[in-house]
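Asks: after the sequence you'll find the predicted model.
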Amino acid sequence: MKLAGDVALVTGGSRGIGRAIALELASRGAAVAINYNHSALAAEEVLEIIRSRGGKGMAVRGDVAVEQQVQDMMEEIAAKLGDVQLLVNNAGIHEDGLMLSLDRGSLDRVMNVNVGGTYNCTRAAARGMMLARKGRIINLSSIVGERGGKGKANYVASKAAINGFTRAISLEFASKGITVNAVAPGMIVTELTEDLRKRHGDKYLDKIPLKRFGQPEDVAGMVAFLASEQAAYITGQIFVVDGGLGLAPNI
Ligand code: NAP
């Protein structure tokens, strides 16, 4: 599953799942642009690890929710590494709470980053992919996008939207040599789930057939496969990586 010669952009590659994806793609030979919004030091650290292993990449700031910043970021990557053939729309946020305590602003913020960011980055990268007639787009969804989840209506709506977006765009881009898929993780050990694991960890563990939380590397392996030549005939699909959690009744 070699990716030598490919240029990858991992949004939110500074921390958590995105960090593991950036390291995995680089280990397979891709030059990786590590996007971040606030965590400049963490992004530089990921880049240092890649370089120390003989790989190539760059750290690049940009708020994925802001179209102009995404455009600028894509130009910076093209100038330093070349056109992006491998886009991983990973950047995401959550603002959990019961529906009546969630104000309208929380919906806008979550949708702007999770869906708007995916939309902006896809639009910005797709032109180059179409010209090259080669591309892979992999979107980070969540198991809650299909099955729902209490206390996270805005986040669930954003992940359901990403699933729909993935399917729609896969149809549009198929004839251009571009595949589009999504990966839907369950409960993965990152800062995003820290609070939830602290408060309800045992309840979740009990429901996970494989009896452990996922590690970012568990998700990165699936992304690397979808990025590879071996996945050339797969498009428009949502791949669950959750240790079986999605099979359990909702919690
Ligand atoms: P995380 O540890 O909180 O990291 C989030 C990453 O997204 C950070 O690198 C952050 O960068 C970046 N980011 C946030 N807002 C951004 C913006 N506006 N522009 C650019 N980058 C931005 O989250 P994670 O757990 O790794 O989650 C990664 C993805 O997987 C998300 O889409 C999440 O919804 C999805 N997911 C996670 C889980 C899980 O169990 N962890 C489960 C299902 C789905 P800065 O720090 O630089 O701002």
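Replies: Received it, and whenever you're ready, just let me know what you need. Residues are numbered from 1 along each chain as shown.
Asks: run through the residues of the protein sitting next to the ligand.
Replies: Residues of the chain lying near the ligand by Cβ under 6 Å from any ligand atom: 11-12, 14-18, 35-39, 63-65, 90-93, 113, 117, 140, 142, 185, 187-188, 190-193. Any C-beta I mention is one placed from the backbone N, CA and C, and that applies to glycine too.
Asks: give the PyMOL command for selecting the buried subset of those.
Replies: To isolate the buried members of the residues of the chain next to the ligand in PyMOL, using 16 or more other Cβ atoms under 10 Å:
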select buried, resi 11+12+14+15+16+17+18+35+36+37+39+63+64+65+90+91+92+93+113+117+140+142+185+187+188+190+192+193
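Asks: among the residues of the chain next to the ligand, which are in strands?
Replies: Among those, DSSP state E puts N35, Y36, L140, P185 in strands.
Asks: just confirm G244 contacts R212, I think it does.
Replies: No - using Cβ atoms under 8 Å, G244 makes no contact with R212, being 10.7 Å away.
Asks: which ones among the residues of the chain next to the ligand map onto helices?
Replies: Among the residues of the chain next to the ligand, the members found in helices (DSSP state H) are G16, I17, G18, G117.
Asks: how about L9, secondary structure?
Replies: strand (DSSP: H, G, I helix; E, B strand; the rest coil).
Asks: for it, grab the count of nearby residues.
Replies: Number of residues near L9 (other Cβ atoms under 10 Å) recorded here: 30.
Asks: contacting residues for it?
Replies: Applying Cβ atoms under 8 Å, 6 or more residues apart in numbering, we find L9 in contact with V32, A33, N35, M74, I77, V84, L86, L87, V88, C121, A125.
Asks: make it 6 Å
Replies: By Cβ atoms under 6 Å, 6 or more residues apart in numbering, L9 lies in contact with A33, V84, L87.
Asks: the last one: what secondary structure?
Replies: Read it as L87. strand.
Asks: contacting residues for it?
Replies: Shown in contact with L87 (Cβ under 6 Å, 6+ apart): L9, A125, I137.
Asks: and the second one, backbone torsions?
Replies: Translated: A125. Taking degrees, to the nearest 10, you get phi -90, psi -20 for the backbone angles of A125.
Asks: repeat that for the last one.
Replies: Backbone dihedrals for I137, given as degrees, to the nearest 10, come out at phi -120, psi 130.
Asks: what's the weakest-modelled helix or strand in this structure?
Replies: Ranked by mean pLDDT, DSSP states H and E, the weakest helix or strand in the chain is helix 194-207, scoring a mean of 92.
Asks: next SSE downstream of that helix?
Replies: Note on helix 194-207: by DSSP states H and E, the next helix or strand toward the C-terminus is helix 216-227.
Asks: nothing else from me, thank you.
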